[in-house]
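S.K.: Test case, fold it:
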Amino acid sequence: MDRALAFLHRCCSSAQSSTLRQRTYNAGLRPSPLPAVTDTAPQELLAVPVKNRLFGMLYEGMLLFGVLFISGWLFSTLLQQRHALALRHAQQAWQFLVLGAYFVWFWTHGGQTLAMKTWRVRVVCADGSPLRWTRAVLRYLLAYLWFVPGLAIAYLIGAQGWMLLLLPALNVVLWAATARFDRDRQFLHDRLAGTRLVLAPAAKPRSPERRA
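M.R.: Here you go, the predicted structure:
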């Protein structure tokens, strides 16, 4: 008799608990699921090592030689340039625009030229966002401070011979040294333009299926 009463008590308690859970679910009081863990932390902007910058600049110079050669050939062919001194200033202006278009286009489309992509260098805004064309143009103009002041000083003092090479070279060395005194190891023209060079992530190797 006692066992039967205990069994009936357990059945009633189970039925009441089930009914209470159903009412709680219908009332919208069910417990909320745990939030999913996502990686939303911003990617750290790492400074570019000196080796990457140096070899990237050398590689960029090799590529620019081809760009300037082709643009110079087009200029002399279309305008029937008879010798190097003819239309010299017009050609210099043309080359200036060609280089500007080259850098601005690449900087606003991924932040990397071919040389920068090879050495994992990317130019972004100071906050890490991609460059717009106005800031890219400003950075291009300020980049001439690498050597224009040295050339201007050589012209003003009437430098000749080895001084024509020494003054621009000294300008380049001093400008490169500005990165040593910057807290983010950025060049002065990047600081003035509101941009920065960051280390791009390494390219992922292609899977065998994609290679096939």
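S.K.: going forward, measure contacts between C-alpha atoms and count neighbours the same way
M.R.: Noted.
S.K.: for this structure, which helix is longest?
M.R.: Of all the segments assigned as helix in the chain under DSSP state H, the longest by residue count is helix 50-78.
S.K.: Averaged pLDDT, that helix. What do you get?
M.R.: Confidence for helix 50-78, expressed as mean pLDDT, is 92.
S.K.: buried ones in it?
M.R.: Applying a neighbour-count criterion of 16 or more other CA atoms under 10 Å, one finds N52, R53, G56, Y59, L68, S71, G72, F75, S76 buried in helix 50-78.
S.K.: next one: stretch 157-174
M.R.: Buried residues in stretch 157-174, counting neighbours by 16+ other CA under 10 Å, are found at L164, L167, P168, A169, N171, V172.
S.K.: Make sure I have this right: G111 is in a helix.
M.R.: No: secondary structure of G111, determined by DSSP: H, G, I helix; E, B strand; the rest coil: coil, with no helix assignment.
S.K.: quick one, what contacts it?
M.R.: Taking CA atoms under 8 Å, 6 or more residues apart in numbering as the criterion, G111 is in contact with R122, V123, V124, P130, L131.
S.K.: The third one: what's it in contact with?
M.R.: Put plainly, it is V124. By CA under 8 Å, 6+ apart, V124 lies in contact with G111, P130, L131, T195, R196, L197, V198.
S.K.: ditto for the fourth one
M.R.: Listed by CA under 8 Å, 6+ apart, the contact set of P130 reads T108, G110, G111, V123, V124.
S.K.: can you pull out the helices in this protein?
M.R.: Taking DSSP H as the criterion, the chain carries its helices at 2-26, 50-78, 88-108, 114-118, 133-142, 148-156, 163-177, 188-193, 208-211.
S.K.: Can you give me the separation between W162 and L174?
M.R.: 18 Å (CA to CA, to the nearest Å).
S.K.: again, but for T195
M.R.: Noted for T195: a distance of 20 Å to L174, by CA to CA.
S.K.: re the thing from before, same list, the contacts of P130, but as TSV with pLDDT and distance to A152 please.
M.R.: Rendered in TSV, the data for the contacts of P130 read as follows (pLDDT from 0 to 100; distance: CA to CA, whole Å):
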residue	pLDDT	distance to A152
T108	97	30
G110	94	34
G111	95	30
V123	96	28
V124	95	30
